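> Give me a model of this one.
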Amino acid sequence: MTKLRLLRLALASLVCIFLALPLLSGFASADDGLEKPGETPELEDILYIIRNDEAPSGVVLHTREYDEAAFYWVAPRLEYYVLLIRKKYPAIPLVILSHGDEIRSLTTTMTSKYPDVHDIIRRLVEKQNVDFQICGAYAAMNNLDESAYPGYVNVIPSAPSALSEYRTLGYEIISIELTW
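Next up, the predicted model:
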């Protein structure tokens, strides 16, 4: 190969890398105000949704963990995913549905123990129009009722029934899980 051909090949490679950077960063840049959390195991599922030209009927981000503190790790990912989806589909219905031990961290009495979690959830509900729901049946099993939760948390009768209804309505359902 001649030096000129090698130089052209190197330049073409650099251009390809430069053009691919937005895709490699998960469609987010500093200008977007999106800060990618350290771990995003569900990102491929989110990218599948936003790469399609046709939006699904809605999206449910579903959590079910056996750790009260799970939202400490999960809430930043939820926020990132919601912002990515909102960027592509600003009006799509978005639901976060939770029915595990993590719902205990969302009670009003736990606000001071998990302030960042509560801030993120409140921001998603108030600024991103997310319907944040928890399973009332699971809450009752933990001796909690609707009055234990702040106004931005909706207590619904049954998460499994709601998931079934969302599937019937054509919503994409993505399970959000701990990564350890």
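
> buried set for stretch 165-178?
Burial within stretch 165-178, assessed by neighbour count using 16 or more other C-beta atoms under 10 Å, is assigned to 166, 171-174, 176. Every residue, glycine included, has its C-beta placed from N, CA and C.

> In strands only, show me these.
The strands, defined by DSSP state E, take in 172-174, 176 from the buried residues of stretch 165-178.

> okay, those residues in TSV with distance to Tyr149 and pLDDT next?
Below are those laid out as TSV (distance: C-beta to C-beta, whole Å; pLDDT from 0 to 100):
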residue	distance to Tyr149	pLDDT
Glu172	26	98
Ile173	23	98
Ile174	23	97
Ile176	19	94
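
> Closest to Ala70 out of these?
Nearest to Ala70 among those: Ile176, at 9.2 Å, using C-beta to C-beta.

> Name the nearest residue to that closest one, sequence neighbours excluded.
Spatial nearest neighbour of Ile176, chain neighbours left out: Thr63 (4.9 Å); criterion: C-beta to C-beta, 6 or more residues apart in numbering.

> Identify the bridge partners of that neighbour.
Thr63 has these beta-bridge partners by DSSP bridges: Ser98, Ile176.

> burial count for it?
Per other C-beta atoms under 10 Å, the neighbour tally for Thr63 reads 23.

> pretty sure Ala70 contacts Ile103?
No - between Ala70 and Ile103 there is no contact under C-beta atoms under 8 Å: 9.6 Å.

> The two: who's more crowded?
Each of Ala70 and Ile103 has its neighbours counted (other C-beta under 10 Å); Ile103 has more, 28 against 23.

> Would you mind measuring from the more buried one to Pro90?
Using C-beta to C-beta, to the nearest Å, Ile103 is found at 28 Å from Pro90.

> give the contact list for the residue nearest in space to the middle of the chain.
Of all residues in the chain, the one closest to the mean position by C-alpha atoms, centre = their mean is Leu78, 2.6 Å from it. Counting by C-beta atoms under 8 Å, 6 or more residues apart in numbering, Leu78 makes contact with 61, 63, 96, 120, 124, 176.

> what about 7 Å?
Counting by C-beta atoms under 7 Å, 6 or more residues apart in numbering, Leu78 makes contact with 61, 96, 124, 176.

> Show the pLDDT at it.
With respect to pLDDT, Leu78 has a value of 97.

> Distance of Ala75 relative to Arg51?
When C-beta to C-beta is the yardstick, Ala75 and Arg51 sit 25 Å from each other.

> Looking at the two, which one has more neighbours?
Between Ala75 and Arg51, counting by other C-beta under 10 Å, Ala75 is the more crowded of the two (26 against 10).

> Report the buried members of the contacts of Leu78.
For the contacts of Leu78, a burial check counting by 16+ other C-beta under 10 Å picks out 61, 96, 124, 176.
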